[in-house]
Each structure stands twice: as C-alpha cells, then as structure tokens.
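# here's my sequence, what's the structure:
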Amino acid sequence: MIRAGIIGATGYAGAELVRMLSGHPDAEISAVGSVSYEGKPLSGVYPAYYRLCDKICENEKDVIKKSDVVFAALPSGLSQEIAEECFCAGKFFIDMGADFRLKSEKDYRRWYHGKFIFPELHEKAAYGLPELFRENIKGSKLVANPGCYATAVPLALAPALESGFVSPDGIIADCSSGVTGSGRKTTQNTHFPELNESMTAYKAGCHRHTPEMEQTLSTVSGKETHITFVPHLIPVSRGILATCYAKLKPGVTMEQLRNAYGKRYGREFFIRLLPDGRTADIKNVRLSNFCDISLHIDSHTETLIAVSAIDNMVKGSAGQAMQNMNLMLGLDEKAGLTSLPPAF
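Below you'll find the predicted structure:
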C-alpha cells in the first residue's frame, strides 16, 4: 500500500482528502499533520471521523518521514520549503495551495506577494489539471493542484478556445461558490446571519485565481488570453457553478462546438458533457470528482455560454489531488474516485 501523508489535515481541504483517501484501494493514510491541533486526534476536530480516522496530528517532519506521497493543504506561502524537503527525500509531493501554480515569478509576486524560494523546483512542477495536461503529470515528483475556480473555468472554455471557435479577448467568467471555498476560519461574510439568504460578489476583478486561469487558457489557445472574473459567495456548503461567456467567431454553430467538446472530452471519465436542453447544476456533482458542462448560444449577441459545475472540495481540491496522485504513481486514474454523486 502507498503511504499517504497530509499536512494541514484539519482544514476543509485536508479533511476532505482524509475522507476520500480512506476509500482508496491502493493507498492508506500514514500520518496527518496540523500545527493548531498537534498532539490531538483528528476525530477530535472532526467527530464524523470517530473510530474511522483517529490518527494523532503530528508535525510536518514526522508526516514526511512516514509517507511515500505528501499532500500539503496549506495557505499560500507555506509549501515551498516542504516541497524542497520532500524532493530531497525522494517523496512525491502534491501542493494543494498556490505556491507552484504560476509559472511566472512576476505574477506570483504581484498576486501572492511572495517569491520563488527554489526556482529549480518551480521548473520541475507539473500543473495538475489532468484533462488538459495529463502527460505532464505522469511520473512527476511535484504537482501543483489547481485552484477550484481555475479548474471549473478552463474546463468550460478550453475546447472552444483551442479550436479557435471563440475570441481569446473579452471572456467573462461569472462564478458562484459554496462557503467551504473560504476555508474553515470564520469571517464576517461567512457568518451564518450574514451569509444566509444572501448572494454577494467578492474580490471582483482582483481574485488570485485570475492569472492561473489566464495561464491555462493561454496555453491551450496558443494566444495570450485575458478574462474578466467575478466570483460570488452563495449560501451552500459545496459547489462551484461557472458561467462563462466568450464571443463566437463568425459562422460557428452549436454542432461544431459540440463536436469540439466531444473530441476533447469524449474519453474523459470525469467530464460529463450534458445533452442539449440540460444545464449544469452543482447538485448533480456534489461529493464527486465530476465536472458537468453544458453549452448554450446566445444568437442575439453571437456569444457562447459555457456552464460548468464542480464540487469545489472534490474536483476543485481533494478529489483532483487524488487523481493527480494516481497519475504520478502509475495507478488507475479513477482509483478511489468512482462513487456516484448523491441523487438528492
């Protein structure tokens, strides 16, 4: 069995990874790490795990020592030294934070106010969006797990852009996210009386996932691509709905678009291209690693409307991290990830 360790196991992303790895046929949780709860059982933090995962939270060095593959579910700025330690020790490392997602240090400085401490590691890091960059991930020792919005938006738009059916200019991504995307620490806008019966935009035009999405879309299109991105907070626990608008090139039809999406995603187990007449809905991907995509055309303005739905804690975080682990280690890519979403 592969020994998997989780640093930052008491945050939402880390705890979700614990839940998912517990059902993996080829891996076992070797250690869990937490600074805030070191010395305490994980089930004391999350009672749902009582008698199922009672592992004691340890420090990061002990987690690394006990593991073949290490996941870091940490805020940005905290993973680079851990990645270096894992790399030197011959461990596989998956960063669920943002430290290795951007290829440009200039962009990292601008959006995250940090620097590349180990530039050579950044050159080795593979960007972990399997449906677009699978071959880069296979066999890699270091993978940057994408952000949640940076998963939903590129998956919605990539086939249209790489086929040249839409303009790379003027793209708009209008997204809504469940509150788990804000993390476990409560803030005023995630406090129940503030969030309940509410919907609000936040970080409009300045969200940190913007350069990551542009980086991916520029890569697949072969042209510099910029987007206007506005995320919204909605009163649900899980899910991201990304409604993306892109200007169609003259004469492009729905049949051409569906053919392009079918060619790109037809063999992708975790991408479900919905039939005409259906619209992607976060309810239908809850607790799963699936990304549902629906395509629509506004003929009045000649605009493609591509809608994607993911569970931000699974395909947008822990599930995708496990999918990346499977690829890195040469396992079945779907291992531990095939359970059906709840029907209600």
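
# if I look at Arg238, how far off is Ile56?
Using CB to CB, to the nearest Å, Arg238 is found at 28 Å from Ile56. In short, each C-beta sits where N, CA and C put it, glycine included.

# ok, those two, which is more surrounded?
More crowded of Arg238 and Ile56, by other CB atoms under 10 Å: Arg238, with 22 against 16.

# check contacts around the more buried one.
Arg238 sits next to Gly178, Thr180, Ile282, Arg286, Leu287, Asp311, Asn312, Met313 when contact means CB atoms under 8 Å, 6 or more residues apart in numbering.

# before we move on, what about Phe118?
Phe118 is in contact with Gln80, Ala83, Glu84, counting by CB under 8 Å, 6+ apart.

# show me what the helix or strand where the last one lies is packed against.
Per DSSP states H and E, Glu84 falls inside helix 80-88. Under the contact criterion of 3 or more CB pairs under 8 Å, 6 or more residues apart in numbering; DSSP states H and E, helix 80-88 touches helix 60-65, strand 69-72, strand 92-95, helix 119-124, strand 142-144.

# distance of Arg258 relative to His296?
Distance check for Arg258 against His296: by CB to CB, it reads 11 Å.

# equivalent analysis for Ala48, please.
38 Å.

# between those two, tell me which one has more neighbours.
Neighbours per residue (other CB under 10 Å) separate Ala48 from His296, with His296 holding more: 15 against 9.

# the more buried one falls within a helix, correct?
No. Under DSSP: H, G, I helix; E, B strand; the rest coil, His296 falls outside any helix and is assigned strand.

# residues making contact with stretch 30-41?
Stretch 30-41 has contacts (CB under 8 Å, 6+ apart) with 3-10, 14, 18, 42, 44-45, 53-60, 62-63, 66-68.

# filter those residues down to the buried ones, ChimeraX style.
Buried members of those, defined by 16 or more other CB atoms under 10 Å, are picked up in ChimeraX with:
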select :4,5,6,7,8,9,10,14,18,42,45,53,55,56,57,58,60,63,66,67,68
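
# thinking again about what came up before, just the closest of the contacts of Phe118 to Ala321, please.
When the contacts of Phe118 are compared for distance to Ala321 (CB to CB), Ala83 wins out at 14.2 Å.

# tell me who's in contact with the residue nearest to Ala15 when sequence neighbours are not counted.
With sequence-adjacent residues excluded and distances taken as CB to CB, 6 or more residues apart in numbering, Ala15 is closest to Tyr46, at 5.5 Å. Neighbour list for Tyr46: Thr10, Ala15, Val18 [criterion: CB under 8 Å, 6+ apart].

# go again with 10 Å.
Applying CB atoms under 10 Å, 6 or more residues apart in numbering to Tyr46 gives the contacts Ala9, Thr10, Tyr12, Ala15, Val18, Arg19, Leu52, Cys53.

# tell me what the helix or strand the fifth one falls within is packed against?
Meaning Val18. Following DSSP H and E, one finds Val18 within helix 12-21. When contacts are defined as 3 or more CB pairs under 10 Å, 6 or more residues apart in numbering; DSSP states H and E, helix 12-21 packs onto strand 2-7, strand 27-33, helix 42-45, strand 69-72, helix 319-328.

# ok, back up a step: and the helices and strands packed on helix 80-88 as a markdown table, adding mean pLDDT and distance to Glu212?
Shown next, in a markdown table, are these (pLDDT from 0 to 100; distance: least, CB to CB, whole Å):
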| stretch | mean pLDDT | distance to Glu212 |
| --- | --- | --- |
| helix 60-65 | 97 | 25 |
| strand 69-72 | 98 | 17 |
| strand 92-95 | 98 | 13 |
| helix 119-124 | 96 | 14 |
| strand 142-144 | 98 | 9 |
